[in-house]
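Asker: Build me a model:
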Amino acid sequence: MTVKKPFENFLENVEKAAKTLGLDEKMKRRLETAENIFETKISFEKDGGEKVVANAYRVQHNSARGPYKGGIRYHQDADINEVKALASLMSLKCAVVDIPMGGGKGGVQIDPKELSESELERMSRAYFRAGTEKDVFGVNKDIPAPDVNTNPQIMAWFLDEYEKIKGVKEPGVVTGKPVEIGGSLGRSYSTSQGGFYVLEHLRKEILGDKNPVDITIAIQGFGNAGAEFARIAHDGGYRVVAVSDSRGGAYCDEKCDIIELNVAKKQNGSVAVEREGVRIISNEELLELEVDVLVLAALDGVLHAENANNVKAKMILELANGPVTPQADEILENKKIVVVPDILANAGGVTVSYFEWVQNRSGDQWKETFVNERLKEIMERSTDSVLDAQKEFEGISMRQGAFVVAIRRIVEAMKLRGEGVGDKI
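Answerer: The predicted structure follows:
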């Protein structure tokens, strides 16, 4: 069984990029170390009066380019190691798409599926209250957003709790909110939309400029990101032939009916429902399908040393954070399979979160078409910057290209702020 080591994986990728850039040891250590770690235990009451205590975290990695930005997740495996890794990746993600923000991440180590709606609200308010009272969050300091098992409603509770404590109206302190209280149009599907723009931009480069109708896609993970990507890709003319969730997958003979899949998920709790033209497959089988594009939209570490050699896709798009381990990266690189890394592929979410923050600060609301136009421009420009880095340092992967672009920008910002050490890169 493969043990997940998200922070160690991050350090390994930083080490490779640092060597490529000739980065000195002192600056490399700065990139590997979070600026602040908020760690506490929160307590809340269950509906029956029982008191529950849970570990809670907020890691603030690097603010050289702007205030900390990153999601808050509720998951039983969201320990400090995972949150540190994700906060670090957020710094790089913001730098890859060149938005003026740094990286942060939060987590509560609990299974939210075991909580009622009222229990979820009490826990959410307890978490944000603890952070607000310790001055962790702020519109110019640290701006959270949704992540695994959190959503716009939870962001609304966060915002309300913050405003009650501070006695001010400050919609920009949280993004990913409902539109009715300051959320941005287009935010709910922005991670998937951004990933699709990257796929479209790379189609000629990697898939030989095949027509979308001839490009097959398998999607592992059918939560918000996976389901929205399936819809967007289907509407764009691509052939989504398989999807899966935690309970199993569905393989479609020709192409999947996305509406039908959503109905199956809603009615049965899973897309793994056998019907005419559809057969049930396992998650592992989906990962090994012979398709053009494999989209990883679930959790981290799903491709590792033990199964990466079985992958037959031409391209992997990481919509989830950290779904491919460094060991799997090496195997896939040897197989000439292109991995579009998470810090580029799923950066549409943080980009539109930034748009939301800008709108909240100005009191404006942008049209949905304008949001998507700006997102497309940023995702295409960012993809080109990664491809340029690959050309500059011949032989490096897309992941290393993205790390190089991001680290360069962060290091330059740190030097401009007076942390200049080592040679200019």
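
Asker: which residues does residue 30 contact?
Answerer: 62, 414, 419 (CB atoms under 8 Å, 6 or more residues apart in numbering). C-betas here are computed from N, CA, C, even on glycine.

Asker: From the residues you listed, which shows the smallest pLDDT?
Answerer: For the contacts of residue 30, the least confident position by pLDDT is residue 419, scoring 78.

Asker: does the residue nearest to it when sequence neighbours are not counted belong to a helix or a strand, and which?
Answerer: In this structure, residue 419 finds its nearest non-sequential neighbour in residue 30, 7.0 Å apart by CB to CB, 6 or more residues apart in numbering. Using DSSP states H and E, residue 30 sits in helix 25-32.

Asker: and the next helix or strand after that helix, what other elements does it pack with?
Answerer: Where DSSP H and E defines the elements, the next helix or strand beyond helix 25-32 is strand 36-45. Judged by 3 or more CB pairs under 8 Å, 6 or more residues apart in numbering; DSSP states H and E, the packing partners of strand 36-45 are strand 51-62, helix 80-96, helix 117-133.

Asker: in the lengthiest helix in the chain, what counts as buried?
Answerer: Using DSSP state H, we find that the single longest helix of the chain is helix 368-392. For helix 368-392, burial by neighbour count (16 or more other CB atoms under 10 Å) applies to 371-372, 374-376, 378-379, 382-383, 385-387, 389-390.

Asker: And the helix or strand just after that helix, what does it pack against?
Answerer: Next along the chain after helix 368-392, taking DSSP H and E as the criterion, comes helix 398-414. Using 3+ CB pairs under 8 Å, 6+ apart, the elements in contact with helix 398-414 are helix 6-21, helix 25-32, helix 80-96, strand 338-340, helix 342-345, helix 368-392.

Asker: Go again with 6 Å.
Answerer: Packed against helix 398-414 by the contact rule (3 or more CB pairs under 6 Å, 6 or more residues apart in numbering; DSSP states H and E) you find helix 6-21, helix 80-96, helix 368-392.

Asker: Reformat these as JSON lines; add mean pLDDT and distance to residue 320.
Answerer: Listed next are these as JSON lines, based on pLDDT from 0 to 100; distance: least, CB to CB, whole Å:
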{"stretch": "helix 6-21", "mean pLDDT": "93", "distance to residue 320": "12"}
{"stretch": "helix 80-96", "mean pLDDT": "96", "distance to residue 320": "11"}
{"stretch": "helix 368-392", "mean pLDDT": "98", "distance to residue 320": "17"}
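
Asker: As a markdown table, those helices with distance to residue 104 would be great.
Answerer: Shown next, in a markdown table, are those (distance: least, CB to CB, whole Å):
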| stretch | distance to residue 104 |
| --- | --- |
| helix 6-21 | 14 |
| helix 80-96 | 5 |
| helix 368-392 | 20 |
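
Asker: Out of the ones you listed, which is closest to residue 362?
Answerer: helix 368-392 (13.5 Å; CB to CB).

Asker: Taking their axis directions, that closest one and helix 80-96 sit at what angle?
Answerer: Using axes from the mean of the first three to the mean of the last three CA atoms, to 10 degrees, the direction of helix 368-392 lies 90 degrees away from that of helix 80-96.

Asker: how far is helix 368-392 from where the chain is centred?
Answerer: 16 Å (CA atoms, centre = their mean, to the nearest Å).

Asker: angle of that helix against helix 6-21?
Answerer: Going by the same axes, to 10 degrees, helix 368-392 makes 60 degrees with helix 6-21.

Asker: what sits up against helix 368-392?
Answerer: Applying CB atoms under 6 Å, 6 or more residues apart in numbering, the contact partners of helix 368-392 are 96-97, 185-186, 194, 197-198, 201, 344, 348, 351, 355, 396, 398, 401-402, 404-405.

Asker: who does the residue lying closest to residue 149 once chain neighbours are set aside bridge with?
Answerer: Counting by CB to CB, 6+ apart, residue 74 is the residue found nearest to residue 149 once chain neighbours are left out, at 4.2 Å. Here residue 74 sits in beta bridges with residue 108, going by DSSP bridges.
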